[in-house]
Each structure stands twice: as structure tokens, then as C-alpha cells.
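Student: model the structure of this input:
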Amino acid sequence: MTLQAALTTLALAMGLFFVAVSVVGFRRLPDIFCRLHVLGIIDTLGVPLILLAAAIHAGPTLAAFKLILALALIAITSPIIGHLLARAALEAGHQPGVIETPAGVPPAAAWSGGGAQETR
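Tutor: Next up, the predicted model:
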């Protein structure tokens, strides 16, 4: 195995790990603000590592340059988009720490944490 293949495999495996952990967290966390935190992990670690793996695999080509450019664009725009989504959620009436449960699901089954108010 060449060094290029090893680095590609390592970066891809790490990126997929962070995406998988984020998917589990996104599913399990109770409110939109916690879920926005998980989306930050995908934007900061998951997708950039996958793009880096693709750029390493492509070698020194125009495609690799475009992948690195996409990585930089994600790094610049991700915090802005996260802030705008959180602000929009606040303006829409969502409150941090309030657990919103789907209709027909008892609050204890949706999330068993303490300290937050439960609404239906």
C-alpha cells in the first residue's frame, strides 16, 4: 500500500466516523439547538476529511484543487449558516432547553434527560 492510499484511507475512515457519530447524535438529541451543534461536527470534521481524502486520492490535479477549494468554502460558510439557523429558530419561537416531543410519543420515551422543560 502506498503512502497516498494509506492517507486516503485514513482520512476517509475518520471522516466517515465523524459523520456516523453525528448522525446518531442528530437522531438522539432533543432540540434544534443541540442538533445544530451536531451539524457543526459534520461541517468541521466529517465532510472536510472526506473531501481531503478525495483530494489526496486524485493527486496533484485540477480536481484536487477544486476539492480543496470546496473544503475552504465549507470552512468559511459553515459558522455563518449555523448562526443564521439558530437565529431563525429563536425568531420562530423555539426555546433552548425545551424538549419538543412528537405527537403520540410520551415525553419520557423521547428523551430521558433532566433539567429541561417538557412540552407537547
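
Student: can we go C-alpha only for contacts and neighbour counts from here?
Tutor: Will do.

Student: distance of A58 from I50?
Tutor: A58 sits 12 Å away from I50, going by CA to CA, to the nearest Å.

Student: who's more crowded, the two?
Tutor: I50 (24 against 16; other CA atoms under 10 Å).

Student: quick one: secondary structure of the more buried one?
Tutor: Assigned with DSSP: H, G, I helix; E, B strand; the rest coil, I50 falls in the helix class.

Student: what's near enough to touch it?
Tutor: 11-12, 15-16 (CA atoms under 8 Å, 6 or more residues apart in numbering).

Student: could you pull out the strands for this structure?
Tutor: Secondary structure of the chain (DSSP state E): strands located at 98-100, 117-119.

Student: low-confidence ranges in the chain?
Tutor: 98-120 (pLDDT under 70).

Student: and for I74, the neighbour number?
Tutor: Counted with other CA under 10 Å, I74 comes out at 16.

Student: from G97, how far out is the residue nearest to it when sequence neighbours are not counted?
Tutor: Residue nearest to I74 in three dimensions, not counting chain neighbours: D43, with 6.9 Å by CA to CA, 6 or more residues apart in numbering. From D43 across to G97, the span is 23 Å (CA to CA).
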